[in-house]
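1. Have a look; sequence and predicted model below, questions after that.
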Amino acid sequence: MLSALRKFGNSAGVIIPKPLLSEIGAKAGDSVELKVEAGRLVIERARTRPRVGWAEDAKRIAEARDDGLVWPEFASDDDESLEW
């Protein structure tokens, strides 16, 4: 499929037809990874990694002693008498 590069400020872009996006499981607005392999531009759907950095953030927060409760404790004394 032939396409053309279009100028976007100091960069350039190319229109990617929807069927090609569908083949890689992406849609307009999604993040993609760009890389060059053997002289070819490769576009891949960005892999999301849930909770990346959470452990480091938790350690930093604990070291700063900023890990106190934001909400007060909720008592559970009357839980046995609750009716659902």
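-> Right, received. Where do you want to start? Numbering: from 1, shown residues only.
2. Looking at the most centrally placed residue in the chain now. What's its pLDDT?
-> Most central in the chain under C-alpha atoms, centre = their mean is residue 48, positioned 4.8 Å from the mean C-alpha point. With respect to pLDDT, residue 48 has a value of 75.
3. Please tell me how far it sits from residue 18.
-> Distance from residue 48 to residue 18, counting by C-beta to C-beta, to the nearest Å: 21 Å. All C-beta spots, glycine's among them, are computed from the backbone N, C-alpha and C.
4. Could you pull up the contacting residues of residue 58?
-> If you count contacts by C-beta atoms under 8 Å, 6 or more residues apart in numbering, residue 58 has them with residue 67.
5. how about it, secondary structure?
-> Classification of residue 58 by DSSP: H, G, I helix; E, B strand; the rest coil places it in helix.
6. how close does it get to residue 45?
-> Computed as C-beta to C-beta, the residue 58 to residue 45 distance reads 29 Å.
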